[in-house]
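# Mind folding the following:
(one chain, ligands or ions: 1)
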Amino acid sequence: MTAKLALEDGTVFTGTSIGAEGEVDGEVCFNTSMTGYQEILTDPSYRGQIVTMTYPQIGNYGVNESDLESERPHLAGFIVREHSRVASNFRSEGSLADYLKEWGVVAIESIDTRALVRRIRSTGAMRGVLSTTDLDDESLVAKAKASPGLVGRDLVKEVTPEMPCEWQESVSDWTHLSKAEGGGEKAEGPHVVALDFGMKWNIPRHLYDQGCQVTVLPGTSTAEEVLAQEPDGIFLSNGPGDPEPLTQAVETIQGVLGKAPVFGICLGHQLLSLACGAKTFKMKFGHRGGNQPVQRLEDGTVEITSQNHGFAVDEESLPDCLEVTHRSLNDGTIEGVRHREHNAFSVQYHPEASAGPHDSHYLFAEFLKAVGTM
Ligand SMILES: NC(=O)CC[C@H](N)C(=O)O
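Numbering: from 1, shown residues only. Now for the predicted structure:
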(Lines give C-alpha, C1' and ligand atoms only; values in the text may rest on other atoms or scores of the structure.)
Protein backbone atom coordinates (compact mmCIF):
# COMPACT_ATOMS: atom_id res chain seq x y z
CA MET A 1 0.00 0.00 0.00
CA THR A 2 1.33 3.44 -0.95
CA ALA A 3 1.94 6.00 1.78
CA LYS A 4 2.99 9.64 1.51
CA LEU A 5 4.77 12.09 3.77
CA ALA A 6 4.22 15.80 3.10
CA LEU A 7 6.10 18.63 4.81
CA GLU A 8 4.95 22.18 5.39
CA ASP A 9 7.68 23.44 3.01
CA GLY A 10 5.93 21.63 0.15
CA THR A 11 8.18 18.55 -0.08
CA VAL A 12 6.36 15.25 -0.63
CA PHE A 13 7.94 11.78 -0.22
CA THR A 14 6.23 8.69 -1.62
CA GLY A 15 6.86 5.29 -0.06
CA THR A 16 5.17 2.14 1.16
CA SER A 17 3.06 1.69 4.26
CA ILE A 18 4.40 -0.71 6.91
CA GLY A 19 1.89 0.13 9.61
CA ALA A 20 -1.78 0.95 9.99
CA GLU A 21 -3.96 2.61 7.40
CA GLY A 22 -4.80 6.22 8.18
CA GLU A 23 -3.54 9.77 8.35
CA VAL A 24 -1.61 11.57 11.07
CA ASP A 25 -0.01 14.96 11.47
CA GLY A 26 2.82 16.08 13.72
CA GLU A 27 6.26 17.61 13.94
CA VAL A 28 8.69 15.63 11.79
CA CYS A 29 11.95 14.96 13.65
CA PHE A 30 14.82 12.47 13.41
CA ASN A 31 16.55 10.06 15.78
CA THR A 32 20.13 8.88 15.18
CA SER A 33 20.01 5.72 17.34
CA MET A 34 21.00 2.50 15.61
CA THR A 35 18.85 0.43 17.96
CA GLY A 36 16.02 1.09 20.39
CA TYR A 37 13.14 1.56 17.95
CA GLN A 38 10.72 -0.07 20.35
CA GLU A 39 11.76 2.26 23.19
CA ILE A 40 11.36 5.21 20.82
CA LEU A 41 7.89 4.08 19.72
CA THR A 42 6.71 3.78 23.33
CA ASP A 43 8.48 6.86 24.81
CA PRO A 44 5.56 9.20 25.69
CA SER A 45 7.83 12.21 25.03
CA TYR A 46 7.32 11.62 21.28
CA ARG A 47 3.61 12.46 21.51
CA GLY A 48 2.72 14.76 18.60
CA GLN A 49 5.83 13.87 16.58
CA ILE A 50 6.47 11.86 13.42
CA VAL A 51 9.86 10.21 13.97
CA THR A 52 12.35 9.33 11.24
CA MET A 53 15.11 6.86 12.04
CA THR A 54 18.42 7.80 10.37
CA TYR A 55 19.78 4.24 10.66
CA PRO A 56 18.83 2.64 7.33
CA GLN A 57 17.40 -0.70 8.43
CA ILE A 58 14.97 -0.96 11.32
CA GLY A 59 13.12 -3.96 12.77
CA ASN A 60 15.80 -6.63 12.44
CA TYR A 61 15.64 -7.79 16.08
CA GLY A 62 11.84 -7.75 16.34
CA VAL A 63 9.84 -6.54 19.33
CA ASN A 64 9.33 -7.90 22.85
CA GLU A 65 7.39 -7.15 26.06
CA SER A 66 10.36 -6.15 28.20
CA ASP A 67 11.60 -3.30 25.99
CA LEU A 68 8.42 -1.26 26.39
CA GLU A 69 8.85 2.20 27.88
CA SER A 70 5.10 2.63 28.41
CA GLU A 71 1.95 0.66 27.66
CA ARG A 72 1.68 1.61 24.01
CA PRO A 73 3.23 3.65 21.18
CA HIS A 74 2.75 7.39 21.59
CA LEU A 75 4.40 8.98 18.58
CA ALA A 76 2.16 10.25 15.80
CA GLY A 77 3.89 8.38 12.96
CA PHE A 78 7.06 6.44 12.13
CA ILE A 79 9.43 6.62 9.15
CA VAL A 80 12.20 4.19 8.13
CA ARG A 81 14.38 3.73 5.08
CA GLU A 82 13.91 -0.04 5.09
CA HIS A 83 11.85 -2.22 7.34
CA SER A 84 13.61 -5.56 7.89
CA ARG A 85 11.57 -8.54 6.71
CA VAL A 86 13.53 -10.77 9.07
CA ALA A 87 13.25 -10.37 12.84
CA SER A 88 16.03 -12.46 14.33
CA ASN A 89 16.92 -12.29 18.01
CA PHE A 90 16.58 -14.60 21.00
CA ARG A 91 14.39 -11.97 22.72
CA SER A 92 12.09 -11.38 19.75
CA GLU A 93 8.39 -12.08 20.31
CA GLY A 94 7.01 -10.57 17.11
CA SER A 95 7.68 -8.37 14.11
CA LEU A 96 7.83 -4.58 14.10
CA ALA A 97 5.26 -4.33 11.27
CA ASP A 98 2.72 -6.45 13.19
CA TYR A 99 3.33 -4.34 16.30
CA LEU A 100 2.74 -1.10 14.36
CA LYS A 101 -0.47 -2.47 12.86
CA GLU A 102 -1.70 -3.82 16.18
CA TRP A 103 -1.40 -0.36 17.77
CA GLY A 104 -2.66 1.62 14.79
CA VAL A 105 0.64 3.41 14.09
CA VAL A 106 0.81 4.94 10.62
CA ALA A 107 4.31 4.20 9.27
CA ILE A 108 6.19 4.46 5.99
CA GLU A 109 9.31 2.87 4.45
CA SER A 110 11.28 3.23 1.21
CA ILE A 111 11.60 6.99 1.27
CA ASP A 112 14.98 8.74 1.10
CA THR A 113 15.41 9.35 4.84
CA ARG A 114 18.82 10.96 4.24
CA ALA A 115 17.26 13.63 2.04
CA LEU A 116 14.50 14.14 4.61
CA VAL A 117 16.95 14.52 7.51
CA ARG A 118 19.19 16.91 5.57
CA ARG A 119 16.13 19.03 4.87
CA ILE A 120 15.16 19.07 8.56
CA ARG A 121 18.73 19.92 9.55
CA SER A 122 18.85 22.92 7.25
CA THR A 123 15.26 24.16 7.63
CA GLY A 124 14.59 23.02 11.21
CA ALA A 125 11.90 20.65 12.49
CA MET A 126 8.81 20.94 10.30
CA ARG A 127 5.17 20.04 10.59
CA GLY A 128 4.14 17.17 8.37
CA VAL A 129 1.39 14.75 7.42
CA LEU A 130 1.78 11.02 6.90
CA SER A 131 -1.07 9.35 5.05
CA THR A 132 -2.20 6.17 3.36
CA THR A 133 -5.70 7.51 2.71
CA ASP A 134 -5.08 10.85 0.96
CA LEU A 135 -2.43 10.62 -1.76
CA ASP A 136 -2.98 14.06 -3.25
CA ASP A 137 0.19 16.14 -2.83
CA GLU A 138 -1.47 19.53 -2.71
CA SER A 139 -4.04 18.49 -0.16
CA LEU A 140 -1.37 16.85 2.03
CA VAL A 141 0.86 19.92 2.00
CA ALA A 142 -2.12 22.10 2.94
CA LYS A 143 -2.86 19.76 5.86
CA ALA A 144 0.79 19.89 6.97
CA LYS A 145 0.63 23.70 6.98
CA ALA A 146 -2.58 23.61 9.04
CA SER A 147 -1.18 21.15 11.60
CA PRO A 148 -0.96 22.73 15.10
CA GLY A 149 2.73 21.88 15.80
CA LEU A 150 4.07 21.58 19.35
CA VAL A 151 4.57 25.14 20.58
CA GLY A 152 2.14 26.33 23.23
CA ARG A 153 0.31 22.98 23.57
CA ASP A 154 -0.05 20.98 26.78
CA LEU A 155 0.60 17.41 25.59
CA VAL A 156 1.32 16.11 29.08
CA LYS A 157 -2.38 15.90 29.85
CA GLU A 158 -2.69 13.29 27.07
CA VAL A 159 -0.09 10.94 28.57
CA THR A 160 -0.02 11.48 32.34
CA PRO A 161 -1.64 8.70 34.40
CA GLU A 162 -4.99 9.38 36.07
CA MET A 163 -4.26 7.49 39.25
CA PRO A 164 -1.26 7.18 41.57
CA CYS A 165 0.48 3.80 41.75
CA GLU A 166 3.26 2.04 43.66
CA TRP A 167 6.07 1.02 41.26
CA GLN A 168 7.10 -2.65 41.49
CA GLU A 169 9.27 -3.47 38.47
CA SER A 170 13.03 -3.95 38.03
CA VAL A 171 15.25 -3.23 35.06
CA SER A 172 14.87 -6.09 32.56
CA ASP A 173 17.00 -8.97 33.87
CA TRP A 174 19.04 -9.63 30.72
CA THR A 175 21.20 -6.56 31.35
CA HIS A 176 24.13 -6.56 33.77
CA LEU A 177 22.48 -3.69 35.62
CA SER A 178 19.59 -5.79 36.84
CA LYS A 179 18.48 -6.93 40.27
CA ALA A 180 21.93 -8.44 40.83
CA GLU A 181 22.69 -5.41 43.00
CA GLY A 182 19.81 -6.33 45.28
CA GLY A 183 17.19 -4.03 43.77
CA GLY A 184 13.53 -4.82 44.04
CA GLU A 185 13.76 -7.02 47.09
CA LYS A 186 14.95 -4.30 49.41
CA ALA A 187 12.41 -1.68 48.46
CA GLU A 188 12.34 -0.45 52.01
CA GLY A 189 14.74 2.34 51.23
CA PRO A 190 13.91 6.01 50.74
CA HIS A 191 10.43 6.93 49.58
CA VAL A 192 10.62 8.64 46.20
CA VAL A 193 7.59 10.36 44.71
CA ALA A 194 7.83 10.43 40.91
CA LEU A 195 5.74 13.04 39.13
CA ASP A 196 4.77 11.31 35.88
CA PHE A 197 4.54 13.74 32.96
CA GLY A 198 4.82 10.83 30.51
CA MET A 199 7.55 8.89 32.26
CA LYS A 200 9.70 6.27 30.53
CA TRP A 201 9.43 3.10 32.59
CA ASN A 202 13.16 2.53 32.79
CA ILE A 203 13.43 5.48 35.19
CA PRO A 204 11.31 4.07 38.05
CA ARG A 205 12.85 0.65 37.29
CA HIS A 206 16.26 2.15 38.10
CA LEU A 207 15.00 3.88 41.25
CA TYR A 208 13.34 0.64 42.39
CA ASP A 209 16.53 -1.31 41.73
CA GLN A 210 18.39 1.16 43.95
CA GLY A 211 16.06 0.10 46.76
CA CYS A 212 13.66 3.06 46.61
CA GLN A 213 9.98 2.76 47.37
CA VAL A 214 8.58 4.58 44.35
CA THR A 215 5.14 6.21 44.38
CA VAL A 216 4.13 7.44 40.93
CA LEU A 217 1.79 10.45 40.98
CA PRO A 218 -0.03 12.08 38.03
CA GLY A 219 1.86 15.04 36.58
CA THR A 220 -1.13 17.22 37.47
CA SER A 221 -0.60 16.72 41.23
CA THR A 222 -0.35 19.76 43.49
CA ALA A 223 2.52 20.49 45.91
CA GLU A 224 0.19 19.54 48.80
CA GLU A 225 -0.56 16.18 47.20
CA VAL A 226 3.15 15.50 46.70
CA LEU A 227 4.11 16.56 50.23
CA ALA A 228 1.22 14.55 51.74
CA GLN A 229 3.17 11.48 50.62
CA GLU A 230 6.01 12.52 52.95
CA PRO A 231 8.63 11.93 50.26
CA ASP A 232 12.33 11.51 51.02
CA GLY A 233 12.99 12.55 47.42
CA ILE A 234 10.98 13.91 44.49
CA PHE A 235 11.58 12.89 40.89
CA LEU A 236 10.39 14.97 37.89
CA SER A 237 9.96 12.85 34.76
CA ASN A 238 10.45 13.33 31.06
CA GLY A 239 7.39 14.13 28.95
CA PRO A 240 6.14 15.45 25.63
CA GLY A 241 5.91 18.85 24.01
CA ASP A 242 6.54 22.42 25.02
CA PRO A 243 7.34 22.90 28.75
CA GLU A 244 6.19 26.54 28.95
CA PRO A 245 2.40 25.94 28.94
CA LEU A 246 2.75 23.54 31.92
CA THR A 247 2.13 26.24 34.51
CA GLN A 248 0.51 23.95 37.06
CA ALA A 249 3.52 21.63 37.11
CA VAL A 250 5.80 24.65 37.56
CA GLU A 251 3.70 25.80 40.54
CA THR A 252 3.89 22.33 42.07
CA ILE A 253 7.67 22.30 41.75
CA GLN A 254 7.92 25.78 43.30
CA GLY A 255 5.85 24.46 46.21
CA VAL A 256 8.09 21.45 46.87
CA LEU A 257 11.55 22.96 46.26
CA GLY A 258 13.57 22.90 49.45
CA LYS A 259 11.16 20.46 51.16
CA ALA A 260 12.84 17.31 49.78
CA PRO A 261 15.69 16.62 47.33
CA VAL A 262 14.58 16.96 43.69
CA PHE A 263 15.93 15.21 40.59
CA GLY A 264 14.60 15.94 37.10
CA ILE A 265 15.14 14.33 33.71
CA CYS A 266 14.46 16.02 30.34
CA LEU A 267 11.02 17.68 30.63
CA GLY A 268 11.58 17.44 34.40
CA HIS A 269 14.83 19.40 33.94
CA GLN A 270 13.06 22.05 31.86
CA LEU A 271 10.25 22.35 34.44
CA LEU A 272 12.69 22.64 37.36
CA SER A 273 14.50 25.41 35.47
CA LEU A 274 11.22 27.20 34.68
CA ALA A 275 10.22 26.89 38.36
CA CYS A 276 13.48 28.67 39.29
CA GLY A 277 12.80 31.53 36.87
CA ALA A 278 14.57 30.41 33.67
CA LYS A 279 12.99 30.35 30.21
CA THR A 280 12.99 27.60 27.59
CA PHE A 281 13.21 27.89 23.81
CA LYS A 282 12.47 25.68 20.82
CA MET A 283 15.64 24.30 19.26
CA LYS A 284 16.15 24.21 15.50
CA PHE A 285 15.94 20.42 15.20
CA GLY A 286 16.67 19.12 18.72
CA HIS A 287 18.81 16.27 20.03
CA ARG A 288 17.52 12.73 19.52
CA GLY A 289 19.69 9.66 19.56
CA GLY A 290 21.90 7.40 21.62
CA ASN A 291 25.20 9.04 20.73
CA GLN A 292 25.03 12.59 22.09
CA PRO A 293 28.25 13.82 23.77
CA VAL A 294 27.83 15.78 27.00
CA GLN A 295 30.53 17.24 29.23
CA ARG A 296 30.30 17.16 33.01
CA LEU A 297 31.75 20.56 33.87
CA GLU A 298 32.88 19.60 37.39
CA ASP A 299 35.75 17.44 36.15
CA GLY A 300 35.61 17.58 32.37
CA THR A 301 34.39 13.99 31.95
CA VAL A 302 32.59 13.31 28.69
CA GLU A 303 29.50 11.12 28.77
CA ILE A 304 27.91 9.66 25.68
CA THR A 305 24.21 10.02 26.32
CA SER A 306 20.77 9.07 25.12
CA GLN A 307 18.64 12.11 24.29
CA ASN A 308 15.24 13.15 23.03
CA HIS A 309 14.42 16.81 23.28
CA GLY A 310 13.37 19.64 20.99
CA PHE A 311 13.24 22.38 23.62
CA ALA A 312 16.07 23.52 25.89
CA VAL A 313 16.76 25.87 28.80
CA ASP A 314 17.77 29.32 27.62
CA GLU A 315 21.19 30.21 29.01
CA GLU A 316 20.56 33.97 28.88
CA SER A 317 17.57 33.58 31.16
CA LEU A 318 19.30 31.39 33.74
CA PRO A 319 18.69 32.79 37.26
CA ASP A 320 21.60 33.12 39.72
CA CYS A 321 20.22 30.29 41.84
CA LEU A 322 20.98 27.75 39.06
CA GLU A 323 24.44 26.57 38.13
CA VAL A 324 25.15 24.82 34.79
CA THR A 325 26.60 21.35 35.50
CA HIS A 326 26.52 19.71 32.05
CA ARG A 327 26.84 20.99 28.51
CA SER A 328 26.28 19.51 25.04
CA LEU A 329 29.53 19.13 23.12
CA ASN A 330 27.63 19.35 19.83
CA ASP A 331 26.12 22.79 20.24
CA GLY A 332 27.04 24.03 23.73
CA THR A 333 23.46 24.06 25.03
CA ILE A 334 22.70 23.42 28.70
CA GLU A 335 22.42 19.71 29.54
CA GLY A 336 22.24 19.89 33.32
CA VAL A 337 21.71 22.32 36.20
CA ARG A 338 22.01 22.31 39.97
CA HIS A 339 20.31 24.61 42.48
CA ARG A 340 22.82 26.60 44.52
CA GLU A 341 20.72 26.66 47.73
CA HIS A 342 18.26 23.81 47.55
CA ASN A 343 19.01 20.13 47.14
CA ALA A 344 17.85 19.93 43.50
CA PHE A 345 19.47 19.00 40.21
CA SER A 346 18.41 17.89 36.76
CA VAL A 347 19.68 16.78 33.37
CA GLN A 348 18.33 17.32 29.88
CA TYR A 349 19.43 13.87 28.73
CA HIS A 350 18.38 10.34 29.70
CA PRO A 351 20.57 8.53 32.29
CA GLU A 352 18.13 5.59 32.19
CA ALA A 353 19.36 5.08 28.59
CA SER A 354 16.78 2.68 27.23
CA ALA A 355 17.99 2.54 24.61
CA GLY A 356 21.49 3.95 24.74
CA PRO A 357 24.80 4.04 26.57
CA HIS A 358 25.03 3.62 30.34
CA ASP A 359 27.61 6.36 31.02
CA SER A 360 25.19 8.46 33.06
CA HIS A 361 23.71 5.88 35.44
CA TYR A 362 25.74 7.47 38.23
CA LEU A 363 23.06 10.18 38.43
CA PHE A 364 20.64 7.74 40.08
CA ALA A 365 23.25 7.05 42.76
CA GLU A 366 23.79 10.83 43.14
CA PHE A 367 20.07 11.27 43.71
CA LEU A 368 20.14 8.55 46.34
CA LYS A 369 23.07 10.27 48.01
CA ALA A 370 21.13 13.55 47.94
CA VAL A 371 18.12 11.83 49.45
CA GLY A 372 20.25 10.52 52.28
CA THR A 373 21.84 13.86 53.11
CA MET A 374 18.89 16.24 53.16
N1 LIG B 1 12.17 13.63 26.58
C2 LIG B 1 11.63 14.73 27.08
O3 LIG B 1 11.25 14.82 28.26
C4 LIG B 1 11.41 15.84 26.13
C5 LIG B 1 11.12 17.17 26.74
C6 LIG B 1 10.40 18.13 25.82
N7 LIG B 1 9.18 17.57 25.39
C8 LIG B 1 11.30 18.47 24.62
O9 LIG B 1 11.04 18.06 23.53
O10 LIG B 1 12.28 19.15 24.77
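
# How about the residues of the stretch 1-150 of the chain by the ligand?
Contacts of the stretch 1-150 of the chain with the ligand, taken as Cβ under 6 Å from any ligand atom, map to Ser45. C-beta here means a position set from N, CA and C on the backbone, and glycine is covered the same way.

# Can you find the residue of the stretch 1-150 of the chain that comes nearest to the ligand?
For the stretch 1-150 of the chain, the residue closest to the ligand is Ser45, as judged by Cβ to the nearest ligand atom, at 3.3 Å.

# the helices in the protein, which residues?
Listed in chain order, the helices of the chain (DSSP state H) span 37-42, 96-102, 113-123, 137-146, 202-209, 223-227, 247-256, 267-275, 362-373.

# Tell me which of these lies nearest to Ser328.
helix 267-275 (12.7 Å; Cβ to Cβ).

# what angle sits between the closest one and helix 247-256?
70 degrees (axes from the mean of the first three to the mean of the last three Cα atoms, to 10 degrees).

# Which elements pack onto helix 267-275?
strand 233-236, helix 247-256, strand 262-265, strand 280-296, strand 302-313, strand 334-339, strand 344-347 (3 or more Cβ pairs under 8 Å, 6 or more residues apart in numbering; DSSP states H and E).

# could these be laid out in a markdown table, adding mean neighbour count?
Formatted as a markdown table, the helices and strands packed on helix 267-275 follow (neighbours: other Cβ atoms under 10 Å):
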| stretch | mean neighbour count |
| --- | --- |
| strand 233-236 | 27 |
| helix 247-256 | 19 |
| strand 262-265 | 27 |
| strand 280-296 | 19 |
| strand 302-313 | 22 |
| strand 334-339 | 24 |
| strand 344-347 | 26 |
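
# Domain boundaries for this structure, per the record?
Following automatic domain parsing, one finds the domains of the chain at 2-146, 156-373.

# hmm, the last one in reach of the ligand?
Yes: using Cβ under 6 Å from any ligand atom, a contact is recorded between domain 156-373 and the ligand, made by Asn238, Gly239, Pro240, Gly241, Cys266, Leu267, Asn308, His309, Gly310, Phe311.

# Give me the neighbour count for the residue in the stretch 101-250 of the chain that the ligand sits nearest to.
Closest contact between the stretch 101-250 of the chain and the ligand, by Cβ to the nearest ligand atom, is at Asn238 (3.1 Å). For Asn238, the neighbour count with other Cβ atoms under 10 Å is 27.

# Alright, calling it a day.
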